[in-house]
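> no sequence for this one, just the structure:
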């Protein structure tokens with residue numbers, strides 16, 4: 001559901017508020033926001049665990065890289 005002038009964070013806050021109010025079914029709420037049920041449950045879990053900070057976008061950068069080379073040359 002594309003809204004002009006509405007940020008992702010605002011949409012996530014609205015989703016969490018409506019999910020907490022239990023207005024209609026969870027599947028219908030996810031369809032209304034154009035997200036999968038899996039993503040909906042993930043958003044709710046992060047919100048319950050970390051509060052509003054959990055709704056912020058996260059980096060997709062991996063925490064480690066097993067094939068990463070050393071920065072300094074070996075002697």
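In hand now; what should we look at? For clarity, every value in this text was computed on a predicted model and none was experimentally measured.
> residues contacting the spatially most central residue of the chain?
Centroid check for the chain by C-alpha atoms, centre = their mean gives residue 43 as the closest residue, at 4.9 Å. Each residue near residue 43 by C-beta atoms under 8 Å, 6 or more residues apart in numbering is listed here: 12, 15, 16, 35, 55. Glycine gets a C-beta too; all of them are placed from N, C-alpha and C.
> rerun at 7 Å
Residue 43 sits next to 12, 15, 16, 55 when contact means C-beta atoms under 7 Å, 6 or more residues apart in numbering.
> SS state for it?
For residue 43, the secondary structure call by DSSP: H, G, I helix; E, B strand; the rest coil comes out as helix.
> do the same with the one 5 residues further on
Using three-state DSSP as the criterion, the local structure at residue 48 reads helix.
> Check the gap between it and residue 67 for me.
Going from residue 48 to residue 67 by C-beta to C-beta, to the nearest Å gives 36 Å.
> Check residue 37 too.
35 Å.
> Tell me which of those two has more neighbours.
Between residue 37 and residue 67, residue 37 has the larger neighbour count (other C-beta atoms under 10 Å), namely 12 against 4.
> nearest spatial neighbour of the more buried one, skipping sequence neighbours?
The spatially closest residue to residue 37, leaving aside those adjacent along the chain, is residue 30, at 5.1 Å (C-beta to C-beta, 6 or more residues apart in numbering).
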